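1. Attaching a predicted model along with its sequence, questions to come.
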Amino acid sequence: MSSSSQKVVWAAGGVLWRHCDHGRGDDLEVALVHRPRYDDWSLPKGKAEPGELLVTTAARELVEETGYEIRMGHRLITVEYTLGSGARKKVGYWSVAATGGEFVANHECDALRWLSVSDAIGLVSYAADRKVLRAFASQPVDELRTMLLARHAKAGRRAAFHGDDRDRPLDAEGRRQAAALTDLLGLFGAHHLHAADRLRCVQTLEPLAEALRRPVSVESALTEEAYAADPEAAYRRLLALAGKKGAVRVVCSQGKVIPPVLSRWAERDGVTLPASRNRKGSVWVLTLRGERLVAADHIPSPLAD
């Protein structure tokens, strides 16, 4: 994962948070875990397994170390430090909402404490964790929402398909991507599903729709042809979906729609988008406050291999 000769160890974790009505005004708390091996208090985290997406690592480690049910939120920061072996360790952190469950002591963590952010900054054992907590506190996390914007999975070459291109289906690799997207999008609490009016877009979300037992709503304004004819309508439709409150929405569209619409949206709200090749099966994790875009993270593929 590194272009240099120095070994890099990748890990991921998160700031697990919840609301707790304790009658003192501020009801947001974050979790710290105690590791008896080091006798420290830290944010839950752990090493990435071979062939694992970093966001999946974060989710897995949060569940393993805390026992809580979770929903992934926006990416915070990546911290780096040097291990005793001389290798560099890079740890990516996410904001993570606790949605249920309770702490279960395990072989790595024997205690968990829920604290205000300021108290957690005071207790945590490492400067890197304090930096992550300050990044977490820089946004009003309880006012943020997530929207997921995916490009459809692979569907072979257009020239090789005989028939109406609107009916071109996913190929074998595309079906594998769609299956992987089910787990990836599920980490963020995906619930309402929308797809451009193309079979390959609908099929990309079908495994998730089956898992959730939810329909896929077809969006005629978000196809490439509709965008070419009326870019304003496509832009307004995406913003309208973003403005709908409630459970997390997923929108699956095409390669000539997502970049220009997202770029216009980001420019309007002053957000810098990370570099992206917008490959088939890739996902944008959009963080919203009200109807405004406040952050965007890009996952290049649902498959780590």
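-> Great, that's in hand.
2. show me the residues around P274 that make contact.
-> Neighbouring residues of P274 by Cβ atoms under 8 Å, 6 or more residues apart in numbering: A296, D297, H298. Yep, even glycine has a C-beta here, placed from its N, CA and C like the rest.
3. secondary structure class for the last one?
-> Three-state secondary structure (criterion: DSSP: H, G, I helix; E, B strand; the rest coil) places H298 in strand.
4. Quick check: S263 vs R277, distance?
-> 14 Å (Cβ to Cβ, to the nearest Å).
5. Neighbour count for the two, which is higher?
-> S263 (12 against 9; other Cβ atoms under 10 Å).
6. which one is K90 nearest to, not counting chain neighbours?
-> E80 (5.1 Å; Cβ to Cβ, 6 or more residues apart in numbering).
7. Now the helix or strand containing that neighbour: buried residues?
-> Assessed by DSSP states H and E, E80 sits inside strand 68-82. Residues Y68, I70, R71, M72, G73, H74, R75, L76, V79 are the ones in strand 68-82 that count as buried (16 or more other Cβ atoms under 10 Å).
8. ditto for stretch 147-165
-> Taking 16+ other Cβ under 10 Å as the criterion, stretch 147-165 shows M147, L148, L149, A150, R151, H152, A153, K154, A155 as buried.
9. Restricted to strands, list those.
-> In strands, defined here by DSSP state E, the members of the buried residues of stretch 147-165 are M147, L148, L149, A150, R151.
10. Reformat these as a markdown table; add pLDDT and distance to A120.
-> Formatted as a markdown table, those follow (pLDDT from 0 to 100; distance: Cβ to Cβ, whole Å):
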| residue | pLDDT | distance to A120 |
| --- | --- | --- |
| M147 | 98 | 28 |
| L148 | 98 | 29 |
| L149 | 98 | 32 |
| A150 | 98 | 34 |
| R151 | 98 | 38 |
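11. of all the residues you listed, which comes closest to D110?
-> Comparing those against D110 with Cβ to Cβ picks out L148 as the nearest, at 35.7 Å.
12. What distance do you get for that closest one to E65?
-> 25 Å.
13. which secondary structure elements does the helix of greatest length in the chain contact?
-> Ordering each helix of the chain by length in residues (DSSP state H) puts helix 172-187 first. For helix 172-187, the packing partners by 3 or more Cβ pairs under 8 Å, 6 or more residues apart in numbering; DSSP states H and E come out as helix 54-66, strand 144-151, helix 199-212, strand 283-289.
14. The helix or strand just after the third one: which residues count as buried?
-> Meaning helix 199-212. Next along the chain after helix 199-212, taking DSSP H and E as the criterion, comes strand 216-219. For strand 216-219, the neighbour count (16+ other Cβ under 10 Å) marks V216, E219 as buried.
15. Which strands and helices lie in contact with strand 216-219?
-> On the basis of 3+ Cβ pairs under 8 Å, 6+ apart, strand 216-219 makes packing contacts with strand 190-196, helix 199-212.
16. Can you point out the buried residues in the last one?
-> By 16+ other Cβ under 10 Å, the buried positions in helix 199-212 come out as L199, R200, C201, V202, Q203, T204, L205, E206, P207, L208, A209, L212.
17. any idea how far K131 is from L43?
-> Distance from K131 to L43, by Cβ to Cβ: 11 Å.
18. So which of the helices and strands packed on strand 216-219 is nearest V250?
-> Of the helices and strands packed on strand 216-219, nearest to V250 by Cβ to Cβ is strand 190-196, at 4.7 Å.
19. Sketch out the low-pLDDT regions of the protein for me.
-> Applying pLDDT under 70 to the chain picks out residues 1-5, 21-26, 305.
20. mind giving me the domain ranges of it?
-> 8-138, 143-299 (automatic domain parsing).
21. Give me the neighbour count for the nearest residue to V285 once chain neighbours are set aside.
-> Of all residues not flanking V285 in the chain, D297 sits nearest, at 4.5 Å (Cβ to Cβ, 6+ apart). When neighbours are counted by other Cβ under 10 Å, D297 registers 17.
22. Could you do the one 4 residues further on as well?
-> Neighbourhood size, S301 [other Cβ under 10 Å]: 17.
23. Surely it touches R279?
-> Yes: applying Cβ atoms under 8 Å as the test, S301 and R279 come out as touching, 6.4 Å apart.
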